[in-house]
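*Asks:* any chance you could fold what I've pasted below:
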Amino acid sequence: GYLIAIIVCIFALVSAYKLSSVCIQKGYGVSVIAATILLNAIYEIYVFARLVLVLAPRKIINSIKLFTFGSKCNNNSQRFIYAACIIVLILALIMWVGSFAKKEEYKNIGVKAIKEGKTAALLLAGGMGTRLGSDDPKGMYNIGETKDVFIFQRIVENLLDVVRETDTWIRLFVMTSEKNHEATVRFFEEKNYFGYKKERVLFFKQSMAPACDREGKVYLEAKNRISTSPNGNAGWYSSMIRAGYDRVLRDEGIEWINVFAVDNVLQRICDSCFIGATIDAGVAVGAKVVKKAAPDEKVGVICLEDNRPSIVEYYEVSKEMMEEKDDNGDPAYYFGVILNYLFRVRDLDLVTDDKMPLHIVEKKIPYIDEDGNPVKPEAENGYKFEQLVLDMIHELSTCLPYEVEREKEFAPIKNRTGIDSVESARALLHKN
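*Replies:* Below you'll find the predicted structure:
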């Protein structure tokens, strides 16, 4: 009995520690207590079952009386397991209180930076809603079921949460493209900026790059115009400079820019805890990450490459990398980025266009034929050239991966149905 009790005790300690760690990471203090009590109950069930097997009616009755946490212990093995559970509970509570205190510290640092006007938000909104069956800018897509709810609306409402928390209007930059700039600006004006302060919003166009066929010949989208496409999500800073908005950063004393994509309707923007943790870490950039739902999930994974932060795009993750484990037995490439970064402004001048590689991407490229007739191809027919924000991360020396809960901050809309779709985003919005 004592040997079994010791084994159960060791199991209880290990299990409680693992459960406590998970609960603490997620901030579930009550769950820590519940998990520890559950372990105690499991042990009591074991005692009860053992007594049934040896057919000791008197001890069965006593065990029933002892089935609640904190009841009288009448043998050394029970005293031992109770003491272990109490120690684990106390340690878990101490760890949770410490974790809570650290989180509050980060929030206070972040709120202070926001109130002092040191943070700005930048929305990457150059894309169109083509994959959703729309010819409008992607942010104009209506994801509502019983009422109108637009992607742009959800993004702004998420930012307004921070405005209310800090009583501060955060500078919002919106990067559009040549193809959707006028429609985007007009939509914001028609919707009265979804309640955001108009004076705090600035629009600018992303720089464009030419598109060509597989032989390298440039397409024409009109008789007097070559076919172009946005130069990739890393083009935001050089495009901002071309628009003259680097002057706004200097004049307003902005030290941090939260850059985020348009298609994630759950993400928290200028999240005070994220800002505070990044500032406290003293790094050049913070990156929000989530645990991958599957080894082959189509998200870039964050890692170290030559002792520098790096992001491996999903199509570059080999089968060996998917199966690789770390020292704890977890997937080595476990954390996926959600395109929500906090850049320190003073480090951005180190990241120039000529330092970053050019990615060649196969795409469907509309063009005009030799007779001047517009053609919309049904399959990939050429290449676009892009620079990606993941290359910006690699050019910087330090990065803080900041884990967030998938179901609370990751609802990407890339398709009409299925995975990462309007349907899946709606389901997550219902949960939140």
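*Asks:* show me the contacts for V290.
*Replies:* Each residue near V290 by CB atoms under 8 Å, 6 or more residues apart in numbering is listed here: 299, 335-336, 338, 403-406, 409-410. Any C-beta I mention is one placed from the backbone N, CA and C, and that applies to glycine too.
*Asks:* pLDDT weak spots in the chain?
*Replies:* Residues of the chain meeting the criterion pLDDT under 70: 1-100, 352-354.
*Asks:* could I get the full set of helices for it?
*Replies:* For the chain, the helices defined by DSSP state H occupy 2-26, 29-53, 57-65, 76-115, 151-166, 181-190, 236-242, 246-251, 272-281, 319-323, 345-348, 389-395, 406-409, 422-431.
*Asks:* hmm, back to that, between the contacts of V290, which sits nearest N373?
*Replies:* V299 (39.2 Å; CB to CB).
*Asks:* how near is the nearest residue to the closest one once chain neighbours are set aside to G133?
*Replies:* Once flanking residues are discounted, V299 sits nearest to G336: 3.2 Å by CB to CB, 6 or more residues apart in numbering. As for G336, its distance to G133 is 27 Å (criterion: CB to CB, to the nearest Å).
*Asks:* more neighbours: which of the two?
*Replies:* G336 (21 against 10; other CB atoms under 10 Å).
*Asks:* correct me, but the more buried one touches D296?
*Replies:* No - G336 is beyond contact range of D296, at 11.2 Å (criterion: CB atoms under 8 Å).
*Asks:* and the longest strand for this protein?
*Replies:* Of all segments of type strand in the chain, defined using DSSP state E, the longest is strand 335-344.
*Asks:* that one to helix 272-281, inter-axis angle?
*Replies:* Strand 335-344 runs at 70 degrees relative to helix 272-281, counting by axes from the mean of the first three to the mean of the last three CA atoms, to 10 degrees.
*Asks:* from the chain's centroid, how far away is strand 335-344?
*Replies:* 7 Å (CA atoms, centre = their mean, to the nearest Å).
*Asks:* same question, stretch 190-202
*Replies:* 25 Å.
*Asks:* what's in contact with that stretch?
*Replies:* So stretch 190-202 is in contact with 150, 152-153, 156-157, 159-160, 163, 169-174, 188, 245, 248, going by CB under 8 Å, 6+ apart.
*Asks:* ok, so what distance separates R346 from G372?
*Replies:* 50 Å.
*Asks:* typed the wrong thing, it's W169
*Replies:* Relative to G372, and taking CB to CB, W169 is found at 49 Å.
*Asks:* can you say which of the contacts of V290 are buried?
*Replies:* Among these, those classed as buried by 16 or more other CB atoms under 10 Å are 299, 335-336, 338, 404, 406, 409-410.
*Asks:* W169 and G372: which is more packed in?
*Replies:* W169 (16 against 9).
*Asks:* where does the more buried one fall, phi/psi-wise?
*Replies:* phi -80, psi 110 (degrees, to the nearest 10).
*Asks:* looks like it contacts V163 (just checking).
*Replies:* Yes - with contact defined as CB under 8 Å, W169 reaches V163; the gap is 5.9 Å.
*Asks:* coming back round to it: and of the contacts of V290, the nearest to W236?
*Replies:* Closest to W236, out of all of those and judged by CB to CB, is I338, at 16.3 Å.
*Asks:* pull the contacting residues for the closest one.
*Replies:* I338 is in contact with 261, 264, 267, 288-290, 299, 404, 409-410, 412, counting by CB under 8 Å, 6+ apart.
*Asks:* of the contacts of stretch 190-202, just the buried ones, PyMOL syntax please.
*Replies:* Restricted to buried positions by 16+ other CB under 10 Å, the PyMOL selection for the contacts of stretch 190-202 reads:
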select buried, resi 150+152+153+156+159+160+163+169+170+171+172+173+174+188+245
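*Asks:* so how far is L266 from the closest residue to D136 other than its chain neighbours?
*Replies:* In space, and not counting its chain neighbours, D136 is closest to G129: 5.5 Å by CB to CB, 6+ apart. In this view, G129 and L266 are 18 Å apart by CB to CB.
*Asks:* same check, this time on R426
*Replies:* 11 Å.
*Asks:* mutual contacts of G336 and D296, please.
*Replies:* Joint contacts of G336 and D296 (CB under 8 Å, 6+ apart) are Y314.
*Asks:* okay, now the nearest residue to M208 once chain neighbours are set aside: neighbour count?
*Replies:* The shortest distance from M208 to any non-neighbouring residue, by CB to CB, 6+ apart, is to T228 (3.9 Å). Close neighbours of T228, defined as other CB under 10 Å, add up to 20.
*Asks:* and if you look at the one 4 residues further on?
*Replies:* Residue neighbour count, defined by other CB under 10 Å, stands at 22 for G232.
*Asks:* please shift the residue numbers so they start at 10 in all later answers.
*Replies:* Yes, from this point I'll number from 10; that puts the last item at G241.
*Asks:* thinking it is in contact with P366, fair?
*Replies:* No - G241 lies out of contact with P366 (CB under 8 Å); the separation is 10.4 Å.
*Asks:* which residues are in contact with both of those two?
*Replies:* Q396.
*Asks:* re the thing from before, quick one: contacts for the residue nearest to D145?
*Replies:* Applying CB under 8 Å, 6+ apart, the residues near G138 are 144-147, 149-150.
*Asks:* repeat for L169
*Replies:* Per CB under 8 Å, 6+ apart, neighbours of L169: 203-205.
*Asks:* show me where the stretch 210-359 of the chain has strands.
*Replies:* 210-214, 217-219, 221-222, 229-231, 234-235, 237-239, 265-270, 294-300, 310-314, 317-321, 344-353 (DSSP state E, counting those that start in this stretch).
*Asks:* is it possible to get JSON lines of those strands that adds distance to A130?
*Replies:* Below are these laid out as JSON lines (distance: least, CB to CB, whole Å):
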{"stretch": "strand 210-214", "distance to A130": "10"}
{"stretch": "strand 217-219", "distance to A130": "23"}
{"stretch": "strand 221-222", "distance to A130": "34"}
{"stretch": "strand 229-231", "distance to A130": "32"}
{"stretch": "strand 234-235", "distance to A130": "33"}
{"stretch": "strand 237-239", "distance to A130": "19"}
{"stretch": "strand 265-270", "distance to A130": "5"}
{"stretch": "strand 294-300", "distance to A130": "13"}
{"stretch": "strand 310-314", "distance to A130": "21"}
{"stretch": "strand 317-321", "distance to A130": "21"}
{"stretch": "strand 344-353", "distance to A130": "10"}
